[in-house]
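Colleague: Predicted model, plus sequence, below.
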Amino acid sequence: MIKIILAFLLLPLTANAFIGVSSTIFTQDYKDYNTQKIENGLSLNLSYYEPVSRRWILGVSTNRLTSQFLRAEGYLIRKDNQLAIKTKTKLTTDSLGLFRRFNKYLIGGNVINARKKSNLYLNNTKIGNNKKSELLYGFSFGKILDGGVLTATYIFRNKDFDLKRAINIAYAFKF
């Protein structure tokens, strides 16, 4: 973990470094639970974009440095007995994207290593936890602005991650 943090701190010397804010709208698809149709997650990201040619840009991003402080809360309702279980979820993501540049626009694909850690509560008593890690895939569209990059990413379905779909909107500030 220390090596990864050091690598991300040293990369600004050779790449285009950005700090970003993003919000993700998730639609979950649980087998045994009903849940809110939309769960929002706010994230702070450290990103680097490096041109690999005149038209292609490689990007890496992580929320590891701030994910331990950001948690999303929600409720799951069991389908069989309508029992409400409170969840507190921490989502850690690392992504790699390859983007084709068209003037000030970017189109590309992403591979996202997502790790979800949820604690489950019944009447304010912890009853369990759940950890999952999956590779997710997405399609991004972005616009290069004077002070940063604005992107929208559609993240595809992943049954093992209980994900029906997700949309991430992010703005990365160049520093």
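Modeller: Perfect, thanks for sending it. Just so it is clear, the structure is predicted and the values come from calculations on it, not from any experiment.
Colleague: can you give me the strands for the protein?
Modeller: Using DSSP state E, the strands of the chain run over 16-28, 33-35, 39-51, 56-62, 72-78, 84-102, 105-122, 125-145, 148-155, 163-174.
Colleague: export these to a markdown table and tack on mean neighbour count and mean pLDDT?
Modeller: Quick note: C-beta positions are derived from backbone N, CA and C, even for glycine. Shown next, in a markdown table, are those (neighbours: other C-beta atoms under 10 Å; pLDDT from 0 to 100):
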| stretch | mean neighbour count | mean pLDDT |
| --- | --- | --- |
| strand 16-28 | 18 | 81 |
| strand 33-35 | 17 | 71 |
| strand 39-51 | 18 | 80 |
| strand 56-62 | 20 | 92 |
| strand 72-78 | 15 | 78 |
| strand 84-102 | 17 | 89 |
| strand 105-122 | 16 | 92 |
| strand 125-145 | 14 | 92 |
| strand 148-155 | 19 | 93 |
| strand 163-174 | 18 | 88 |
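Colleague: How many neighbouring residues does Lys159 have?
Modeller: 10 (other C-beta atoms under 10 Å).
Colleague: is it true that it touches Asp29?
Modeller: Yes. Using C-beta atoms under 8 Å, Lys159 makes contact with Asp29 at a distance of 7.3 Å.
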